[in-house]
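Asks: I'll drop the sequence and a predicted model, then ask my questions.
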Amino acid sequence: MNHLVHNRPWHLGAADDEGSQHALGNGRLLVYGRGPDLTQVWGPPYTSPNFLSLALAGPETLESVSSREHAGPIWRHQLRANGADAGLIVDVVDSSLPCMVRRVRAKAPLRFSLYLPNTLTGPDVAPSSRYPGTLSLVSVRPAGTPEYGDRFASVDPRSVQIVLSGKVNLEARPKADDWIVVCEPGESEILIAGGPTYPDCLVHAEAALSLGADAILERTRRHWASILAQITLPDTDSLDPAIREAAEDVALIIATQQAQEGGVVAGHNYPLAYVRDQYGVSRALLALGLHRRARAILDFYWDIFRREGVIHNAQSIGPYTRFHVHENDDVEMTGWFLIQAFDYSAATGDDAFLGEIAPMLEWCADAQERHLVEGMLPFNGDETYVAGGMLPRDALDDGSAEATLLYIESVRRFNKWCRGNGYGSSNALERRCQAVEETWQRYRANFFEGSRLMLNNPRRALVASRPRFRHGVCQRRLPDCRFVDWCELGADGRYACPVCFPHPLSTPRETRRYFLPSVATTPAFIGFSAANPEEHAAMLDAAMAPFTGEDGQFQLPETDLPGYEVGMLLHALAGVGDPRCPAMAKRLLELRDPTGAWSEYYAGAKGKGNRYRPWESAINLCGLLRASHLT
């Protein structure tokens, strides 16, 4: 057996559980766990309703430590009760079939609470006639079942099957769709087989049962060992072992959550592929030498663009494309996408692929240009610091330093490629070149205060023509608010949902400027010089000010931060050989939760929001690798 990494503690009923989760996935079936509890099961495809949850319910004193096998996403949960060994749980999602096997070796009776909506069985559970010596349940989630809040619903029915074998019993509970699974002392197995259709899940279950758990474990170990063997890292001999471990963790964080269609879901709350998030993920995959996975992300969006003619803030994964549309989502994410494509080409030499997807790249360039007002683009409504409340939604139509910078850099790269490859009309190229250079000429006046690159410029919102309707988050948030919906521009200057629209707010919108360190370091992250060397040094000092204690040492502020903030800062400081890099790298590694992942947000050193997060984990790894020669 591979040696184990990570020690994630868990206690039955603990209110102070730190909340970290982990993922097991093979591109078809994706399972999330919080310690030994299974919280979500998606797939196939990855954008699916949550099929079930399976949580330990007894004995009352139960606790566990969850660890991952070193060479792949196989999780082992060592159980204790009343201070004594209570058994072991081993979880694996097969490398091929959309099936998960949970092997339970109980030394005391273990009780699990199973929630399986729309179970196709009666209240009296009898042994399965289909699989002798087992108990089985099938759930069919009907078409129209929510997949992401109340905004997406499944187009077709989706099915999943549970097969229980060994020292196991199944008890129906009074509430429909709730069951108690009892594993008596000895060995039991719980098989979860995905579909998507009812015939599919039966065939997949039969194939998994025919193989057996031992064969599934062994072939899955070989599969993941071969993926990790493809990783290439800089300065292999001298690289800090902690960074090497983080690199393997991040590779698994991404790979388990990357669907066979190529898109990477944003985490356990978000069964969608978000364009911005794919940039950080691709950046890490390229740094790890996993080029085919980076190419698969671009292929995923190219398939969508050929069908739909557009891409939006986020899209579903599977046979039907549904868009999660946010305010101003022609900007910011389109800039990241262009840069992602050119980063991929630079790392792999696959310039021919850029020629294939050029119509999508051109759309990304032109979509941004349409939003220019006095040399400024607005904010994408799903930017992390907007969603996290660090910038109020009132300011979405302000000028965005980051979105505008991404426009300049991404369209410059596209124009250079067009000129070198003879793509498109000369008139379109001339127009884009003129627009981007005029934007750059105004950039300093629009976004700098002294040597500081500010987050926003309120002037754009004062002069821009704003649409009457747009889809996004209601800016009034009154009781019974619909939160994300079509919103209408009200007399108070805010966009409001149909419920809140009749009730304008009396408080005026803020028109202040904000500073956020990660945005100030974006130029360094994408390799764009927005300041001369003296200003750049001063800007880094300003970005570091919130992270510098009275003794001059690096510290984490207590305010909420995006989960990638420290990684972006580290990347920028490493570029100038700053002596603070080793302390920052050490602290960044310490921020990882007990599963080896970084979180969506931090308050002090505590993770918040989505866990086992691909985007933040990828960005932070890039910072560590950039600074590895200094640590």
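Replies: Perfect, I can see it now.

Asks: looks like residue 90 contacts residue 103 (just checking).
Replies: Yes: if you go by Cβ atoms under 8 Å, residue 90 and residue 103 touch, sitting 4.5 Å apart. For every residue, glycine as well, the C-beta is placed using N, CA and C.

Asks: and the helices in the stretch 151-300 of the chain?
Replies: Per DSSP state H, counting those that start in this stretch, the stretch 151-300 of the chain carries helices over the ranges 198-211, 213-228, 241-256, 275-287, 291-308.

Asks: now the fourth one: mean pLDDT?
Replies: So that's helix 275-287. For helix 275-287, mean pLDDT rounds to 96.

Asks: residues in contact with that helix?
Replies: Residues outside helix 275-287 that contact it (Cβ atoms under 8 Å, 6 or more residues apart in numbering): 250, 254, 258, 263-264, 266, 291, 293-294, 297-298, 301, 311-314, 332-334, 336-337, 339-340, 343-344, 347-348, 380, 382-383, 564, 614-619, 621-622, 625.

Asks: try the last one
Replies: Outside of helix 291-308, the residues within contact range by Cβ under 8 Å, 6+ apart are 254-255, 258-259, 261-264, 273, 275, 278, 281-282, 285-286, 311, 315, 317, 321, 323, 337, 340-341, 344, 347-348, 350, 353, 356-357, 359-360, 363.

Asks: hey, what's the angle from that helix to helix 275-287? Just curious.
Replies: Relative orientation of helix 291-308 and helix 275-287, computed by axes from the mean of the first three to the mean of the last three Cα atoms, to 10 degrees: 150 degrees.

Asks: low-confidence ranges in this structure?
Replies: In the predicted model of the chain, residues 1, 122-126, 236, 531, 631 satisfy pLDDT under 70.

Asks: still on that earlier bit, list the ones among the contacts of helix 275-287 that fall in helices.
Replies: 250, 254, 291, 293-294, 297-298, 301, 333-334, 336-337, 339-340, 343-344, 347-348, 614-619, 621-622, 625 (DSSP state H).

Asks: mind splitting the protein into its structural domains?
Replies: When the chain is parsed with automatic domain parsing, its domains come out as 4-206+219-227, 379-514.

Asks: which among the ones in helices among the contacts of helix 275-287 end up buried?
Replies: Buried members of those, scored by 16 or more other Cβ atoms under 10 Å, are 250, 254, 291, 293-294, 297-298, 301, 333-334, 336-337, 339-340, 343-344, 347, 614-619, 621-622, 625.

Asks: which residues does residue 419 contact?
Replies: Residue 419 neighbours (Cβ under 8 Å, 6+ apart): residue 429.

Asks: ok, the residue nearest to the spatial centre of the chain to residue 272 distance?
Replies: The chain has residue 266 as the residue nearest its centroid, 2.3 Å off, counting by Cα atoms, centre = their mean. The spacing between residue 266 and residue 272, counted by Cβ to Cβ, to the nearest Å, is 6 Å.

Asks: ok, residue 604 next?
Replies: The gap separating residue 604 from residue 272 is 29 Å, by Cβ to Cβ.

Asks: try residue 498
Replies: From residue 498 to residue 272 the distance is 24 Å (Cβ to Cβ).

Asks: more neighbours, these two?
Replies: Neighbours were counted for residue 498 and for residue 272 using other Cβ atoms under 10 Å; residue 272 has more, 25 against 13.

Asks: ok, then the element right after the helix or strand encompassing residue 430?
Replies: Element membership of residue 430 [criterion: DSSP states H and E] is helix 426-447. Next helix or strand after helix 426-447 toward the C-terminus (DSSP H and E): strand 448-449.

Asks: who does the helix or strand following that following strand pair up with?
Replies: For strand 448-449, the succeeding helix or strand toward the C-terminus, using DSSP H and E, is strand 452-453. Looking at strand 452-453 with DSSP bridges, its partner strands are strand 448-449 (antiparallel).

Asks: and the partner strand, how far out from the chain's middle?
Replies: How far strand 448-449 lies from its chain's middle: 32 Å, per Cα atoms, centre = their mean, to the nearest Å.

Asks: can we start the residue count at 776 from this point?
Replies: Done: numbering now begins at 776, and the last item shifts to strand 1223-1224.

Asks: now residue 1129: how far from residue 1340?
Replies: 31 Å.

Asks: now do residue 1385
Replies: Residue 1385 is 15 Å from residue 1340, by Cβ to Cβ.

Asks: likewise for residue 1370?
Replies: In this view, residue 1370 and residue 1340 are 20 Å apart by Cβ to Cβ.

Asks: which of these two has more residues huddled nearby?
Replies: Ranked by neighbour count (other Cβ under 10 Å), residue 1370 and residue 1340 place residue 1340 first, with 30 against 25.

Asks: longest strand in the chain, by residue count?
Replies: Ranked by residue count and defined by DSSP state E, the top strand of the chain is strand 953-969.

Asks: does anything pack onto it? Which helices or strands?
Replies: Helices and strands touching strand 953-969, by 3 or more Cβ pairs under 8 Å, 6 or more residues apart in numbering; DSSP states H and E, are strand 828-833, strand 874-881, strand 885-890, strand 933-947, helix 973-986.

Asks: same thing but at 7 Å, please
Replies: Applying 3 or more Cβ pairs under 7 Å, 6 or more residues apart in numbering; DSSP states H and E, we find strand 953-969 packed against strand 874-881, strand 885-890, strand 933-947, helix 973-986.

Asks: and it with strand 828-833, angle?
Replies: Strand 953-969 runs at 140 degrees relative to strand 828-833, counting by the same axes, to 10 degrees.

Asks: report the angle between strand 953-969 and strand 874-881.
Replies: 130 degrees.

Asks: buried sites along strand 953-969?
Replies: So for strand 953-969, counting by 16+ other Cβ under 10 Å, buried means 954, 956-958, 962-969.

Asks: for stretch 1293-1311, same thing?
Replies: Residues of stretch 1293-1311 classed as buried by neighbour count (16+ other Cβ under 10 Å): 1293-1301, 1303, 1305-1306, 1310-1311.

Asks: which one of these is nearest residue 1170?
Replies: residue 1294 (13.0 Å; Cβ to Cβ).

Asks: quick one: neighbours of residue 993, just the number.
Replies: 13.

Asks: what's the answer for the one 5 residues further on, then?
Replies: Number of residues near residue 998 (other Cβ under 10 Å) recorded here: 15.

Asks: that one contacts residue 870, correct?
Replies: Yes: counting by Cβ atoms under 7 Å, residue 870 is a contact partner of residue 998 at 3.6 Å.

Asks: who are the contact partners of residue 924?
Replies: For residue 924, the contact set (Cβ atoms under 7 Å, 6 or more residues apart in numbering) is empty.

Asks: how far away is it from residue 1164?
Replies: Taking Cβ to Cβ, one finds residue 924 at 19 Å from residue 1164.

Asks: check the secondary structure at residue 1345 for me.
Replies: When classified by DSSP: H, G, I helix; E, B strand; the rest coil, residue 1345 comes out as helix.
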